[in-house]
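# Next come a sequence and a model predicted from it.
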Amino acid sequence: MQVTIFFILKSWNRMISIVIVSVDVGARTKLEQSICATIGIEYEIIIVDNRDGKLNIFEAYNVGAERSKYPFICFAHEDIAFCRQNWGNEIIEILNNSTIGLLGVIGSNFYPRVPIRWSHVPKVFYRGTFIQVYPDGHENKCDIRDDVGVATSEVVTVDGCFMATRKQIWEKFKFDENAYSSFHFYDRDYSMQIKILSKLKVVVAHNVLIKHFSLGSADSKWYHSSIIFFNKWKNKLPISVLPHNQKNNKTIIAEAAFRYVYSLMKIRIRSSFLLKFLFLCFKLDPFKRRNLFLLYKYFFHSSI
């Protein structure tokens, strides 16, 4: 009896729950087939059907995680596909390291005191192994590691297309559905929770290769989520796994501020919050012509 219980517990500790928030049955079916063909271990798929759009992503992921029964939880977009075998074992091996709290496939080891997309940091800060598929069908593979051959690289934020953690961590640090009400910044916010509040490492797993079939876009909801994120975490930013002098590099911060302002002015956002980052561009790089261009466009309400 004791031997049987031992093997049951051992087997249970190598099982994964996969939470998928679904709005497209066709995409979801393809993902389920991809998981079945590649994961290599016992798993369950928890579908949170959100075709009616009643739940934001923070609420939906919490609903799915609450229903999970296994010790490891993955949160996956339905527009991805897995490209390597036995990735389930790889995730469990990484998350069995008690110093690691969150795993993704691509992210950044630096995030500035500007609420940008993580991918708007300079590419020198990218870490991960990942295939992006563009609308015209061409693919771009990224494979950037801390060192040749390493299985993980430490980052401060991961992309939300795929994330994994231990259920006991999620029980202490849930997605912040009280602060946010949209489908944006959940990945950055959750990364910050794990990195800062739990004091555990956030990493990317280089041997879990996925294809991602869509691109993100900014809209007014993204903008309002960026304000919430910034006000919540501004006293902890910038954040990095790099030396302190890199965290406060003026050139990097100026570039981040420019990209934030430019991306939002493209969708005709104007506000005092945005203006603060436009002035930051001038403060850090007062003679840059592109900053004069933004200032002119901002005050004359011209489109970019």
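All right, it came through fine.
# Can you check which helix is longest in the protein?
Scanning the chain for the longest helix, with DSSP state H as the assignment, gives helix 250-265.
# What helices and strands are in contact with it?
helix 272-284, helix 289-299 (3 or more C-beta pairs under 8 Å, 6 or more residues apart in numbering; DSSP states H and E). Any C-beta I mention is one placed from the backbone N, CA and C, and that applies to glycine too.
# and the protein, what are its domains?
Domain ranges of the chain: 2-240, 249-299, per automatic domain parsing.
# Adding mean neighbour count and mean pLDDT, write the ones you listed out as a markdown table.
Below are the domains of the chain laid out as a markdown table (neighbours: other C-beta atoms under 10 Å; pLDDT from 0 to 100):
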| stretch | mean neighbour count | mean pLDDT |
| --- | --- | --- |
| domain 2-240 | 18 | 94 |
| domain 249-299 | 17 | 91 |
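# tell me the SS of residue 195?
Assigned state for residue 195: helix (three-state reduction, DSSP: H, G, I helix; E, B strand; the rest coil).
# Now do the contacts for it.
By C-beta atoms under 8 Å, 6 or more residues apart in numbering, the contact set of residue 195 is 101, 102, 156, 157, 201, 202, 239.
# Name the nearest of the residues you listed relative to residue 188.
Checking those against residue 188 by C-beta to C-beta gives residue 157 as the nearest, at 5.1 Å.
# Setting aside sequence neighbours, what's the nearest residue to the closest one?
Leaving aside its sequence neighbours, residue 157 sits nearest to residue 191 (C-beta to C-beta, 6 or more residues apart in numbering; 4.1 Å).
# Name the helix or strand for that neighbour, please.
helix 186-192 (DSSP states H and E).
# list the helices and strands the helix or strand harbouring residue 31 packs on?
Element membership for residue 31 (DSSP H and E) is helix 25-38. When contacts are defined as 3+ C-beta pairs under 8 Å, 6+ apart, helix 25-38 sits against strand 16-22, strand 43-49, strand 80-82.
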